[in-house]
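S.K.: any chance you could fold what I've pasted below:
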Amino acid sequence: MDVTEHVRRARAAYSACQWGTARAQLQGALDAGSHALGPDDLTLLAMCEWWLGDLPAAVSRAEDAFRLQVAAGRRQAAARGALDLALISYSAGDPALGSAWFARARRVLAGQERSVAGGYLLYASAIARLEADEELAADRDDAAAGAARLSALADELGDPVLHTLAQVVSGLAAVLHGRVGHGFDLLDEAMLAAVAGDLPALWAGDVYCSVLHLCEGLGDLGRMRRWTQAMERWASPLSRAFTYYGVSRVHRLQLSSAEGDWDRVEAELGEHSRRLAPAHGWVAGEGFRELGDVRRLRGDAAGATTAYAAARQLGIDPQPGPALLTAAAGDAPAALAQIHDTLATRRRFEGSRQLLAGVQLAVQVGSRTEASTFTERLAAIAAHYDSPGLHARTAHARGMLALASGQPAQALDQLGTALEVYRQQRYRYGVAVVRELLAAAHQARADHAAARADRAAALAVYRALGARPDVARLNGTARAPGGLTGREVQVLAAISTGASNRQVAQELVLSEKTVSRHLANIYRKLDVTSRTAAAAWARRHGVGG
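M.R.: Okay, the predicted model is just below:
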């Protein structure tokens, strides 16, 4: 078969989404004669390799095509190829290489910016500004201005793809400005073009990833679920080896984790993340972070540490999981310091999970001032972005703070708000955590029947999830630092607040004789001889408040 026939068949196969056949035909053309493929067909071969998940081969072919386009004076085509390589490099977790290819695109487009390729460059530049630091008003305004220029260029050139990309920039800028509803309306409209296949696949996948990352940061599991379903519908028919099919699987498993299907997460998420890592490092890193959280909550500290390390290698900060591991090992003050460190490097909309963990840890070490500061910061984020997930996390934080401050009625009100949203979002572990806090609030109000009901509900979910440390804690069989049982920790936490034996007995629904026996065991295990010394030990180890 001659070169022309190989190329004809390859193009037909590519149009029919038969990537393997197209690649085989183009390789046959290369084998039939030296330097047989022109830059356009080399680009086609690069895209076949990308569709099939062979990133190094795709990059190599695309680089060859770029050099041929430049040599032929085809600056527009060369710039498009350079921009594709930039996007691929950023997705693979190589920002230095991505920046280099963006610089090449700008160089070859000099003097020809009012073009389709120039429009893609405008889009990429605006997105980069938004991702640099969304708290800087100048960056948001520049991105909005870039979207206006891109829309005007799309009108001038009559290019519908550029119109869609302008909508994406406008939508993201609006969300980061705090106009969340308007922003997502624009993004949802842009998504229709992606689902319909009107955007180049590489750029459509980038749009999906940008929006899903935003949804996750905002704690909006409902919208994340809808966008993930749309991404699956788009990616699944194209190729199971396709990069964005792998991306959609990782996001689906993140949602499975929220919904409580932890067995599936354990079985699949590590392998999907490993396969995805060479092509899309930061989504793979998020997958390893999620896997680490599930392992941590199931009591597998070693497995969680391994998963968190894999996330870090891919450029993802897995906090607050490692800090919560540190606290579980008995060093809550060090865990709290980790939260402070990670918040210093987080963009504003990404910090809500860390802030909620910070409230939990601050309450644990008895620093209500820090807990209040974290809560206020979380409330400010929720007010700015007006996301149901952020409002739920804020209510959750306020509930913990109110409970620690001896205001159980206020705690019940806030925790009830958080519980309702967590239920709506199908966040199963969050529901269990809040039910446990509600039990404590009811207990503080001497409503023992309601406390027993909420505690039993929380325990049932913990058992179903396989959250062994939580089950052990509620059953009173957990071991804390110093070899204390869960019940002894409760007694120690109570006396560290200055409560008498009678008050502890009333709070924990025990007899005073049982409290005295627990205190004797606590003194023996901690090698102390007084309540004051025991309370000091509790403060050092983050027990009570």
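S.K.: ok, residues contacting stretch 371-385?
M.R.: 175, 178, 180, 218, 348-349, 351-352, 355-356, 358-359, 362-363, 390-391, 393-394, 397-398, 400-401, 404 (CB atoms under 8 Å, 6 or more residues apart in numbering). Quick note: C-beta positions are derived from backbone N, CA and C, even for glycine.
S.K.: so W50 sits against S239, correct?
M.R.: No: contact criterion CB atoms under 8 Å: W50 and S239 do not qualify, at 9.8 Å.
S.K.: looking at those two, which is more packed in?
M.R.: Legend: neighbour count by other CB atoms under 10 Å for W50 and S239, higher for W50 (25 against 20).
S.K.: surely that one forms part of a helix?
M.R.: Yes: under DSSP: H, G, I helix; E, B strand; the rest coil, W50 sits within a helix.
S.K.: tell me the contacts of it?
M.R.: Contacts for W50 (CB under 8 Å, 6+ apart) come out as A58, I88, L202, T243.
S.K.: one more time with 10 Å, if that's ok
M.R.: By CB atoms under 10 Å, 6 or more residues apart in numbering, W50 lies in contact with 19, 57-59, 61-62, 84, 88, 201-202, 239, 241-243, 279.
S.K.: out of those, who's nearest G118?
M.R.: Taking CB to CB as the measure, G118 sits nearest to D84 out of the contacts of W50, at 14.9 Å.
S.K.: secondary structure class for the closest residue to L55 other than its chain neighbours?
M.R.: Once flanking residues are discounted, L55 sits nearest to A279: 4.7 Å by CB to CB, 6 or more residues apart in numbering. With three-state DSSP as the basis, A279 sits in coil.
S.K.: going forward can the numbers begin at 14, since that is how I track them
M.R.: Sounds good: first residue 14 from here, last item A292.
S.K.: residues contacting A292?
M.R.: Neighbours of A292 in contact, by CB under 10 Å, 6+ apart: 63, 66-69, 71, 101, 104-106, 254-257, 259-260.
S.K.: hmm, try it at 8 Å
M.R.: If a contact means CB under 8 Å, 6+ apart, then A292 has G66, L68, I101, S104, A105, T256, G259 as its contacts.
S.K.: and the furthest pair within the residues you listed?
M.R.: The span of the contacts of A292, defined through CB to CB, is set by I101 and G259 at 14.1 Å.
S.K.: these two touch, right, H176 and S164?
M.R.: Yes: between H176 and S164 there is a contact under CB under 8 Å: 6.7 Å.
S.K.: show me what counts as buried in stretch 18-25.
M.R.: Neighbour-count burial for stretch 18-25 flags H19, V20, R22, A23, R24 (criterion: 16 or more other CB atoms under 10 Å).
S.K.: same deal with stretch 514-523?
M.R.: Here stretch 514-523 shows N514, V517, A518, Q519, E520, L521, L523 as buried, counting by 16+ other CB under 10 Å.
S.K.: give me the residues contacting it.
M.R.: Contacts to stretch 514-523, defined as CB under 8 Å, 6+ apart, come from residues 456-457, 459, 461, 500, 503-504, 507-508, 512, 524-525, 527-529, 531-532.
S.K.: any stretches of the protein with poor pLDDT?
M.R.: Across the chain, the ranges flagged by pLDDT under 70 are 14, 46-48, 145-154, 490-494, 555, 557-558.
S.K.: longest helix anywhere in it?
M.R.: Counting residues, the longest helix in the chain under DSSP state H turns out to be helix 150-170.
S.K.: right, and the helix or strand after that helix?
M.R.: Where DSSP states H and E defines the elements, the next helix or strand beyond helix 150-170 is helix 173-189.
S.K.: same for that next one, what does it pack against?
M.R.: With contacts defined as 3 or more CB pairs under 8 Å, 6 or more residues apart in numbering; DSSP states H and E, the packing partners of helix 173-189 are helix 129-145, helix 150-170, helix 193-208, helix 214-230.
S.K.: ok, which of those helices comes nearest L268?
M.R.: L268 lies closest to helix 214-230 among those, at 9.9 Å (CB to CB).
S.K.: outside of the helix or strand following the closest one, which residues touch it?
M.R.: Where DSSP H and E defines the elements, the next helix or strand beyond helix 214-230 is helix 234-248. Here helix 234-248 makes contact (CB under 8 Å, 6+ apart) with 197, 204, 207-208, 210, 217-218, 221, 224-225, 228-229, 255, 257-258, 260-261, 264-265, 268, 271, 401-402, 437-440.
S.K.: at 6 Å what do you get?
M.R.: The contact list for helix 234-248 (CB atoms under 6 Å, 6 or more residues apart in numbering) reads 204, 208, 221, 224-225, 228-229, 255, 257-258, 261, 264-265, 268, 271, 438.
S.K.: chain center to the next helix-or-strand element following it, what's the gap?
M.R.: Next along the chain after helix 234-248, taking DSSP H and E as the criterion, comes helix 256-272. Its chain's average C-alpha position is 11 Å from that of helix 256-272, according to CA atoms, centre = their mean, to the nearest Å.
S.K.: helix 256-272 to helix 234-248, inter-axis angle?
M.R.: 150 degrees (axes from the mean of the first three to the mean of the last three CA atoms, to 10 degrees).
S.K.: buried residues, the next helix or strand after helix 256-272. List them.
M.R.: Sequence-wise, the next helix or strand downstream of helix 256-272 (DSSP H and E) is helix 275-289. Across helix 275-289, burial judged by 16+ other CB under 10 Å covers W275, V278, E279, E281, L282, G283, H285, S286, R288, L289.
S.K.: just checking, next helix/strand downstream of helix 275-289?
M.R.: helix 294-310.
S.K.: and stretch 355-367, C-alpha only, in PDB?
M.R.: Provided in PDB are the C-alpha atoms of stretch 355-367 (Å, rounded to 0.1, in the frame of the first residue of the first chain):
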ATOM      1  CA  THR A 355      -0.800  25.000  54.500                       C
ATOM      2  CA  LEU A 356      -3.300  27.900  54.700                       C
ATOM      3  CA  ALA A 357      -0.400  30.300  53.900                       C
ATOM      4  CA  THR A 358       0.000  28.700  50.500                       C
ATOM      5  CA  ARG A 359      -3.700  28.000  49.600                       C
ATOM      6  CA  ARG A 360      -5.800  30.100  47.300                       C
ATOM      7  CA  ARG A 361      -8.800  31.500  49.100                       C
ATOM      8  CA  PHE A 362     -11.600  29.300  47.600                       C
ATOM      9  CA  GLU A 363      -9.400  26.100  48.200                       C
ATOM     10  CA  GLY A 364      -9.000  26.700  51.900                       C
ATOM     11  CA  SER A 365     -12.300  25.600  53.400                       C
ATOM     12  CA  ARG A 366     -11.400  22.000  54.100                       C
ATOM     13  CA  GLN A 367      -8.200  23.100  55.900                       C
END
